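**Student:** Sequence first, then the predicted structure:
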There are 2 protein chains.
Amino acid sequence: MPQRKLDRSLIRDLSIFRSMTDEDLDAVLSTASARQVADGKTVFEQGQTATEFFALLHGRLKVVQTTVDGQQVVVRHVSPGDIFGIARAMRRTDFPATAIAVVDSLMLAWPSSQWESFIARSPVLAMNALQTVGQRLQDAHTRIRELSTEEVERRVAHALLRLVQQAGRKTDEGILIDFPITRQDIAEMTGTTLHTVSRVMTGWEAKGLVASARKKVLVKDAHKLHVLAEKPE
Amino acid sequence: MPQRKLDRSLIRDLSIFRSMTDEDLDAVLSTASARQVADGKTVFEQGQTATEFFALLHGRLKVVQTTVDGQQVVVRHVSPGDIFGIARAMRRTDFPATAIAVVDSLMLAWPSSQWESFIARSPVLAMNALQTVGQRLQDAHTRIRELSTEEVERRVAHALLRLVQQAGRKTDEGILIDFPITRQDIAEMTGTTLHTVSRVMTGWEAKGLVASARKKVLVKDAHKLHVLAEKPE
DNA sequence: ACCTGAGTTTGCCTTTTCGCAAAAACCGTC
DNA sequence: GACGGTTTTTGCGAAAAGGCAAACTCAGGT
């Protein structure tokens, strides 16, 4: 792979590196390497030793956990600017999940061993990382609350609204989720089955809330979807 | 409240303060104050401004989130040695949940504003904190996976086994969960209703897996419970 | 233009879990 | 030692969601 010179601007705007000096940014970049991952390929797999951590520059990934009996759960989606695979920073030796590109993606990779020296060099990075992980923890609690207290339809509505936030692209028809996503994926995000997701969304389609095609979801009326997500009925 | 002199030994063994120097520990302690909270009282409430963070010395707390329509979800239980209420470290201004003592409890409290200076003084603390939050994130993902893929009985079994880990006390009859806990609590930990928990546990009682009384749970056969928790049937 | 396979929809029946209601058991206390 | 408020159990019917099976749709390759 040809090793182009990496530029500071690549990582300056990542929240985790925010308010680091140019000097520190250069130091961070000096141990980074770029990597391209094609649609459908994995960046790392559940159980592998965590030898690297990453930042996504372009594209989109999904992070999934597989249960012993083969069921899958989508842990989260990774958007450009996010860091991921930081298992080692939490003192795990292996990755607890698998990261799969859902479109062709470009990322930076660092050796896990670099983490400690980064922190030592710039303590603000530690606090940024803590915030990042803290945000994920809160997102996880939100999902636990939804799974515990809401019925399927509201959970799917919430999941869709979250996707709109993370990957919505305005079009004249409504807001398009900007990467390919299947009913199965949505089911794995909400703890239900693709059949039930299909039934729910067919119902919404009839009401004009969404439109969908194979691997595409278009939210036509985010407001009504929001009402539906909040109303306990 | 009489302000006894606080001793290093109080916090030396907390995982978050691990491998800090005596000097740093003293500095940390100098801004701490002790607080006693009676059974049933709250330490802080969801939505309040997070002016302090805490470490539990004695007792036990539950952390609960309340939904808009009044349903409750138990986020986690706090055991002696845990820190909690670190919303501010994740750059939240308010507490996302309520902490309630389930037995009379004793804790240390620090002003939230101290967090930054602690980190500055001892970067290892930042890494410890990151690990702590990372562990919680993984626990949360475990719960999401269970809520998404397991039926009620297995979820309750997992929850009980987790309680055994966190608060189990060996007796000659089996392992006793060492604080008062109701069916309602267990329901709020597993995303079900107290009725269903009661039915499940009555069934187990008949099989000799557990014994229970009002607000008490005794696990008589942890091994069988474990098998039940893992077997998809 | 036709095949092929992945993705989606749908009908029907079963199972799980809930909700409601009432009774029963238990603890602290007056 | 009776009383009152929690906590727990249990029965019964209802609702939500799942599982199975089959048909359908559509994009992409040959």
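**Tutor:** Yes, it's here. Residues are numbered from 1 along each chain as shown, chains lettered A, B, ... in the order given.
**Student:** From here on, just use CA atoms for contacts and neighbour counts.
**Tutor:** Will do.
**Student:** quick one: the longest helix seen in chain A near DNA strand D?
**Tutor:** Taking DSSP state H as the criterion, chain A has its longest helix at helix A:123-149. No - judged by C-alpha under 7 Å from any atom of the strand, helix A:123-149 and DNA strand D are separated, with a smallest distance of 9.4 Å.
**Student:** I'd like to know which elements the helix or strand following that helix is packed against.
**Tutor:** Next in sequence after helix A:123-149, counting helices and strands by DSSP states H and E, comes helix A:152-167. Judged by 3 or more C-alpha pairs under 8 Å, 6 or more residues apart in numbering or on different chains; DSSP states H and E, helix A:152-167 is in contact with strand A:175-177, helix A:183-190, helix A:222-230.
**Student:** Which stretch among the ones you listed approaches DNA strand D most closely?
**Tutor:** Among the helices and strands packed on helix A:152-167, helix A:183-190 comes nearest to DNA strand D, with 8.0 Å by C-alpha to the nearest atom of the strand.
**Student:** ok and the closest one relative to helix A:123-149, angle-wise?
**Tutor:** Angle, helix A:183-190 to helix A:123-149, by axes from the mean of the first three to the mean of the last three C-alpha atoms, to 10 degrees: 100 degrees.
**Student:** Contacts for helix A:183-190, please.
**Tutor:** The contact list for helix A:183-190 (C-alpha atoms under 8 Å, 6 or more residues apart in numbering or on different chains) reads A:72-76, A:147, A:152, A:155-156, A:159, A:193-198, A:215, B:148.
**Student:** was I right about A:Ala101 contacting A:Val64?
**Tutor:** No - if you go by C-alpha atoms under 8 Å, A:Ala101 and A:Val64 don't touch, sitting 11.1 Å apart.
**Student:** helices and strands around the longest helix of chain A, which ones?
**Tutor:** Helix A:123-149 packs on helix A:114-121, strand B:72-78, helix B:123-149, going by 3+ C-alpha pairs under 8 Å, 6+ apart.
**Student:** quick revisit: restrict the contacts of helix A:183-190 to contacts with DNA strand C.
**Tutor:** A:194-196, A:198, A:215.
**Student:** Quick check: the farthest pair among the residues you listed?
**Tutor:** For these, the farthest-apart pair by C-alpha to C-alpha is A:Thr196 and A:Lys215; their separation is 16.2 Å.
**Student:** Counting neighbours, go ahead and name the busier of these two.
**Tutor:** A:Thr196 (16 against 13; other C-alpha atoms under 10 Å in any protein chain shown).
**Student:** wait, is that one part of a strand?
**Tutor:** No - judged by DSSP: H, G, I helix; E, B strand; the rest coil, A:Thr196 forms no part of a strand; its state is helix.
**Student:** how close does it get to DNA strand D?
**Tutor:** 5 Å (C-alpha to the nearest atom of the strand, to the nearest Å).
**Student:** do A:Arg92 as well
**Tutor:** Separation of A:Arg92 from DNA strand D (C-alpha to the nearest atom of the strand): 31 Å.
**Student:** circling back: okay, the helices and strands packed on helix A:152-167 in TSV with distance to DNA strand C, mean neighbour count and mean pLDDT next?
**Tutor:** Output for these, formatted as TSV (distance: least, C-alpha to the nearest atom of the strand, whole Å; neighbours: other C-alpha atoms under 10 Å in any protein chain shown; pLDDT from 0 to 100):
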stretch	distance to DNA strand C	mean neighbour count	mean pLDDT
strand A:175-177	12	22	97
helix A:183-190	4	22	98
helix A:222-230	16	16	96
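**Student:** Can you add distance to A:Ser33 and give the ones you listed back as JSON lines?
**Tutor:** Converted to JSON lines, these look like this (distance: least, C-alpha to C-alpha, whole Å):
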{"stretch": "strand A:175-177", "distance to A:Ser33": "30"}
{"stretch": "helix A:183-190", "distance to A:Ser33": "30"}
{"stretch": "helix A:222-230", "distance to A:Ser33": "39"}
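**Student:** Any idea which of those gets closest to A:Glu52?
**Tutor:** Using C-alpha to C-alpha, these put helix A:183-190 closest to A:Glu52, at 25.9 Å.
**Student:** May I see the buried residues of the longest helix of chain A?
**Tutor:** A:123-138, A:140-141, A:143-149 (16 or more other C-alpha atoms under 10 Å in any protein chain shown).
**Student:** Same question for stretch A:21-39.
**Tutor:** Here stretch A:21-39 shows A:24-26, A:28-29, A:32-34, A:36-37 as buried, counting by 16+ other C-alpha under 10 Å.
**Student:** ok, now stretch A:205-223?
**Tutor:** Result for stretch A:205-223 [16+ other C-alpha under 10 Å]: buried residues A:205, A:209-211, A:217-222.
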